[in-house]
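Engineer: below is the structure, and that's it, no one-letter string:
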């Protein structure tokens, strides 16, 4: 650890023989991602056909919506340090660090919680450091204000990264939203409703924009609070100049907030994993599918409907 509370790694970006010259496309993503039908009685008894959009198979280290959101940002970074934000268990930080290793890009993660600076790294942050990401810890008050110009400028000065390419928490900016539009276009004509788990709202904003007229996007947030709809609208305005697509949110299935589970959710995740041989990422994917089962039981989907659930992530070891 350095004197300013940062963690560095000897595995510096650029030392991995990565295909930086060809950019993200050189990592050979599996696109379009597979679309898999699953026979599940909890949907079938209500006349609903369930498809899984397997974005978790796009790339083994840049999984799901992380690929779709990061790839355009990595291209725009044009070799500059990529600075981004996340909590101690952020999948977004993990994916950004992996991208830096694979592409030879320096990465810098601003981590919520100054108190973590003097503690041993948890497995998630240790993986980030091993992939070459420099970690900079900030107090929670500063982290909450990270989008304010003055606070962001202070972070850039403190890290010596004034020329960095800044990617917001969760990766959701206009580039990311436009990248996620491809997801909706890949699903055109395949489903009546496309469901996705929501954190920052960027994937839903792009997905809805990419669906054809008549297609419906449904977001199931994993966070508590009623502001995500405004976030999605703001992202669409910045990315496309105005609202796009037919989308809605159902905020009942977050199980109490991010990183929260319930015994019912845990039982469902274990059962779904065993039935369909699909390793379950619980904080996002399991909550989405858990919510879709409840909605099917409520009759939210007319008989004969096809629902496509986007598998945006996989368990990280």
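Structural biologist: Sure, I can see it. Predicted model only: the values in this text are computed from it and were never measured. Numbering: from 1, shown residues only.
Engineer: please, where are all the strands along the stretch 1-150 of the chain?
Structural biologist: Using DSSP state E, counting those that start in this stretch, the strands found in the stretch 1-150 of the chain span residues 6-7, 35-38, 49-53, 82-86, 107-112, 134-138.
Engineer: okay, those in a markdown table with mean neighbour count, mean pLDDT and distance to residue 224 next?
Structural biologist: In this view, the C-beta of every residue, glycine as well, is placed from N, C-alpha and C. Shown next, in a markdown table, are the strands of the stretch 1-150 of the chain (neighbours: other CB atoms under 10 Å; pLDDT from 0 to 100; distance: least, CB to CB, whole Å):
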| stretch | mean neighbour count | mean pLDDT | distance to residue 224 |
| --- | --- | --- | --- |
| strand 6-7 | 19 | 54 | 30 |
| strand 35-38 | 14 | 97 | 29 |
| strand 49-53 | 22 | 98 | 26 |
| strand 82-86 | 25 | 97 | 19 |
| strand 107-112 | 24 | 98 | 17 |
| strand 134-138 | 24 | 98 | 23 |
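Engineer: which of the ones you listed sits closest to residue 302?
Structural biologist: Of all the strands of the stretch 1-150 of the chain, strand 49-53 sits nearest to residue 302, with 11.7 Å by CB to CB.
Engineer: next one: that closest one to chain centre, how far?
Structural biologist: Centroid separation between strand 49-53 and its chain, computed with CA atoms, centre = their mean, to the nearest Å, is 19 Å.
Engineer: so for residue 206, which of the strands of the stretch 1-150 of the chain sits nearest?
Structural biologist: Across the strands of the stretch 1-150 of the chain, residue 206 has its closest neighbour in strand 49-53 (13.5 Å, CB to CB).
Engineer: who are the packing partners of the closest one?
Structural biologist: Here strand 49-53 is seen to pack against strand 35-38, strand 306-310 when contacts are counted using 3 or more CB pairs under 8 Å, 6 or more residues apart in numbering; DSSP states H and E.
Engineer: who wins for proximity to residue 68 among the strands of the stretch 1-150 of the chain?
Structural biologist: Of the strands of the stretch 1-150 of the chain, the one closest to residue 68 (CB to CB) turns out to be strand 49-53, at 11.4 Å.
Engineer: show me where this structure has helices.
Structural biologist: Here the chain has its helices, by DSSP state H, at 41-44, 65-77, 91-103, 123-130, 140-144, 149-159, 174-186, 202-210, 228-240, 263-276, 287-297.
Engineer: single out the most deeply packed of those.
Structural biologist: The highest average neighbour count among the helices of the chain, using mean count of other CB atoms under 10 Å, belongs to helix 202-210 at a mean of 30.
Engineer: got the angle between that helix and helix 174-186?
Structural biologist: Per axes from the mean of the first three to the mean of the last three CA atoms, to 10 degrees, the angle that helix 202-210 makes with helix 174-186 is 50 degrees.
Engineer: quick one: mean pLDDT for helix 202-210?
Structural biologist: Summarised as a single mean, pLDDT over helix 202-210 is 97.
Engineer: make TSV out of the helices and strands packed on strand 49-53 and add distance to residue 147.
Structural biologist: What follows is the helices and strands packed on strand 49-53, written out as TSV (distance: least, CB to CB, whole Å):
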stretch	distance to residue 147
strand 35-38	36
strand 306-310	27
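Engineer: show me where pLDDT drops low in the stretch 1-150 of the chain?
Structural biologist: Residues of the stretch 1-150 of the chain meeting the criterion pLDDT under 70: 1-22.
Engineer: re the thing from before, need the strands of the stretch 1-150 of the chain in TSV (columns: distance to residue 285).
Structural biologist: TSV is the format used below for the strands of the stretch 1-150 of the chain (distance: least, CB to CB, whole Å):
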stretch	distance to residue 285
strand 6-7	29
strand 35-38	13
strand 49-53	10
strand 82-86	19
strand 107-112	23
strand 134-138	27
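Engineer: picking up where we left off before, of the helices and strands packed on strand 49-53, which is nearest residue 275?
Structural biologist: Of all the helices and strands packed on strand 49-53, the one in closest proximity to residue 275, counting by CB to CB, is strand 35-38 (8.2 Å).
Engineer: neighbouring strands of that closest one in the sheet, and parallel or not?
Structural biologist: With DSSP bridges as the test, strand 35-38 is paired with strand 49-53 (antiparallel).
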